[in-house]
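> Fold the stuff below for me.
(one chain, ligands or ions: 1)
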Amino acid sequence: LKKSDLGRHGRKTVIVMGGGIAGLTAAYELLKGGYDVTVLEGRGRPGGRNWTVRGGDTYTDLKGQTQTATFSKGQYMNAGPGRIPQMHVTLDYCKELGVPIEVFTNQNADAFLYRENVPGALNGVPVRQRAAKADAYGYTAELLAKATDQGSLDQYLTAEDKERLLTYLRSFGAIGNRVAGDPAASFKYNGGGRRGYAPQPGAGLEAGTPIPQYAMSDLFASTLGNYFSFEMGFDQAMMMYQPVGGMDRIAYAFAKAIGGGRLRYNAQIVEYNNTADGVEVVYTTPSGTKKAVADFAINAMPPHIAAKIKSNLPTAVVTALGSVSVTNAGKIGIEYNRRWWEEDFRIYGGITNANTNLANMWHPSYGYHSDRGTMIGYYNTGGNANFYGNLTPPQRLAEAVTQGKKIFGDVYGQGITASFSQDWASTPFSEGAWVGWPGAVGGQTGAGYRSLLEATGNVYFAGDHLSHAIAWQHGAMVSARVAVESIHARVTAA
Ligand code: PHE
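Here you go, the predicted model:
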């Protein structure tokens with residue numbers, strides 16, 4: 001918004017309920033338009049799930065377990081969001097707010113894939129992603145080329161199409177040519193340099209020796225190839241970015257732009273009501289219970305938490321808020337006194353993915369070649385996140401190390417100088433990682449979801465849960481902008 005937009009309509013007041021990314025975006029945009037804004041935030045910091053943990057930070061979960069992070073100076077873990085796709089409006093806010101960004105490596109050909117409890121020779125074998133991909137593409141190309149060449153697809157392809165497809169498959173899979181009179185020997189995938197060398201190409205006469213390919217049956221039995229769709233996801237494809245120094249640089253930049261007096265931390269909302277000419281919000285603070293009144297409110301709290309707060313909103317709206325399904329996610333940051341993933345494995349950033357309870361291990365995309373580094377030892381969701389969440393922090397580290405050693409060996413347990421684990425289900429003011437809209441309530445076209453896209457009296461709703469970018473800061477931001485625009489349209493229409 002632009003300040004002049006408000007004009008003769010006067011200085012309207014808005015209470016923003018929740019200082020997560022949706023609430024911060026809403027407050028920031030409202031201020032641009034000349035609104036009088038107060039943000040009430042339960043935590044002692046801005047950002048909500050956007051949370052970066054550094055040495056000295058102390059955190060107590062809903063079970064009463066307290067952790068104090070002992071990460072070294074310069075080391076951090078993003079406990080919540082950690083990666084930003086290029087097309088997300090999150091990057092526009094980084095630019096506008098002066099938050100420097102750097103590449104986040106979401107895909108690294110030299111990171112590992114690990115699958116256990118699968119049939120065949122690759123059971124329990126850490127495999128470089130480039131090797132699995134070369135073999136998966138190679139064998140798929142070989143089979144499709146054979147089928148094409150032998151006429152099995154004649155019903156779908158003209159003779160010209162067939163030659164074009166074969167040309168594409170030779171490039172895609174690094175397969176051989178047609179061998180005249182020998183269909184079985186034609187279009188063979190025989191491995192090659194794509195999958196890696198031992199020894200590597202070197203000086204003089206050292207041409208390098210490609211590491212032999214896995215057998216086709218073992219490769220497909222391993223399920224390794226099923227991972228490659230991840231990097232093609234609209235919001236997971238490289239390039240991706242992160243703020244320099246931690247994701248919370250975004251939250252703090254918003255907070256600075258909004259201004260200290262307008263952001264009230266440790267303000268826990270206990271009741272909110274529509275009144276005859278506005279809203280009232282009751283909240284507790286360390287210095288007692290307070291009440292704020294304003295023309296409008298934007299409720300930017302997680303819906304399942306908002307649903308538990310006393311209000312005079314219609315039952316149907318409260319029911320809609322509470323009808324979401326909540327997903328859990330967990331992360332552990334493990335600081336090592338040596339960047340062994342770089343030194344021993346030549347992995348510089350990226351993700352190792354496993355079908356164990358670890359799910360994803362993030363090699364840090366910052367601080368390369370420095371004297372220490374912090375791995376995300378697991379980033380998991382659902383049942384795996386609940387499993388770790390039900391352990392104590394020391395037990396989480398022990399289990400993560402046991403699992404990590406299967407992939408990286410004993411080095412995974414050596415030189416650990418700090419760790420911090422986050423379980424979103426047991427996190428105050430979050431009680432989960434993100435939500436979904438069950439089909440049983442009509443998903444994101446049902447009456448409940450739609451009701452939250454409209455004002456209820458003078459109360460508006462915002463959050464990633466009211467977008468089609470759930471579990472992304474982008475979703476929170478665009479939803480907040482819609483709420484701000486709705487308020488402004490109403491004010492200026494009056
Ligand atoms: N944005 C989160 C992430 O990048 C959650 C998410 C995962 C969302 C996968 C969509 C797809 O991990």
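
> and this structure, which of its residues are near the ligand?
Applying C-beta under 6 Å from any ligand atom, we find that the chain lies next to the ligand at R83, D235, A471, W472. The C-beta positions use only the backbone N, C-alpha and C, and glycine is treated the same way.

> Closest one of those residues to D295?
Taking C-beta to C-beta as the measure, D295 sits nearest to W472 out of the residues of the chain next to the ligand, at 30.1 Å.

> And stretch 184-191, end to end?
End-to-end distance for stretch 184-191, by C-alpha to C-alpha, to the nearest Å: 16 Å.

> where does N360 sit relative to N380, distance-wise?
Distance from N360 to N380, counting by C-beta to C-beta, to the nearest Å: 7 Å.

> Packing partners of the helix or strand encompassing K291?
Secondary structure assigned from DSSP states H and E places K291 in strand 288-294. Secondary-structure packing of strand 288-294 (3 or more C-beta pairs under 8 Å, 6 or more residues apart in numbering; DSSP states H and E): strand 13-17, strand 36-40, strand 278-285.

> go with 7 Å
When contacts are defined as 3 or more C-beta pairs under 7 Å, 6 or more residues apart in numbering; DSSP states H and E, strand 288-294 packs onto strand 13-17, strand 278-285.

> Among these, show me which one is buried the most.
Stretch with highest mean neighbour count among the helices and strands packed on strand 288-294: strand 13-17 (a mean of 28; mean count of other C-beta atoms under 10 Å).

> mean confidence for the following helix or strand past it?
Using DSSP H and E, the helix or strand that follows strand 13-17 towards the C-terminus is helix 21-32. Average pLDDT, helix 21-32: 98.

> What's the local residue count around the spatially closest residue to I305 that is not a sequence neighbour?
What sits nearest to I305 in space, not counting adjacent residues and going by C-beta to C-beta, 6 or more residues apart in numbering, is E431, at 6.1 Å. By the measure other C-beta atoms under 10 Å, the count of residues near E431 is 16.

> same thing with Y388?
Using other C-beta under 10 Å, Y388 has 25 neighbouring residues.

> How about the residue of the stretch 351-494 of the chain found nearest the ligand: what's its closest non-neighbour residue?
Of all residues in the stretch 351-494 of the chain, A471 sits closest to the ligand, at 3.8 Å by C-beta to the nearest ligand atom. In space, and not counting its chain neighbours, A471 is closest to W434: 3.9 Å by C-beta to C-beta, 6+ apart.

> In the sheet, which residues pair with that neighbour? Tell me.
Applying DSSP bridges to W434 gives these bridge partners: T327.

> before we move on, back to that, ok but the residue of the stretch 351-494 of the chain closest to the ligand is inside a strand, no?
No - A471: not assigned to a strand; according to DSSP: H, G, I helix; E, B strand; the rest coil it is coil.

> Spell out for me the PyMOL command that would select the buried members of the residues of the chain next to the ligand.
To isolate the buried subset of the residues of the chain next to the ligand in PyMOL, counting by 16 or more other C-beta atoms under 10 Å, use the following:
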select buried, resi 83+235+471+472
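
> ok, back up a step: these two touch, right, the residue of the stretch 351-494 of the chain closest to the ligand and D464?
Yes - contact criterion C-beta atoms under 7 Å: A471 and D464 qualify, at 6.4 Å.

> Identify the contacts common to those two.
Counting by C-beta atoms under 7 Å, 6 or more residues apart in numbering, the contacts common to A471 and D464 are W434.

> and the nearest residue to N337 once chain neighbours are set aside, how many neighbours?
Among residues not flanking N337 along the chain, G415 sits closest, at 4.2 Å (C-beta to C-beta, 6+ apart). Other residues lying near G415 total 14 when counted by other C-beta under 10 Å.

> Test my guess that G415 contacts Y336.
Yes - with contact defined as C-beta under 7 Å, G415 reaches Y336; the gap is 4.8 Å.

> residue in the stretch 1-150 of the chain nearest to the ligand?
Counting by C-beta to the nearest ligand atom, the stretch 1-150 of the chain gets nearest the ligand through R83, at 5.4 Å.

> Next, give phi and psi for that residue.
R83 has phi and psi values of phi -150, psi 150 when expressed as degrees, to the nearest 10.

> next one: F420
With angles defined as degrees, to the nearest 10, F420 sits at phi -150, psi 130.

> Equivalent analysis for W472, please.
According to degrees, to the nearest 10, W472 has phi -140, psi 140.

> ok, now which ones touch it?
H88, D235, D464.

> quick one: the strands in the stretch 201-350 of the chain?
Taking DSSP state E, counting those that start in this stretch as the test, the strands found in the stretch 201-350 of the chain are 240-243, 263-264, 268-275, 278-285, 288-294, 296-299, 310-311, 325-327, 329-336, 350-354.
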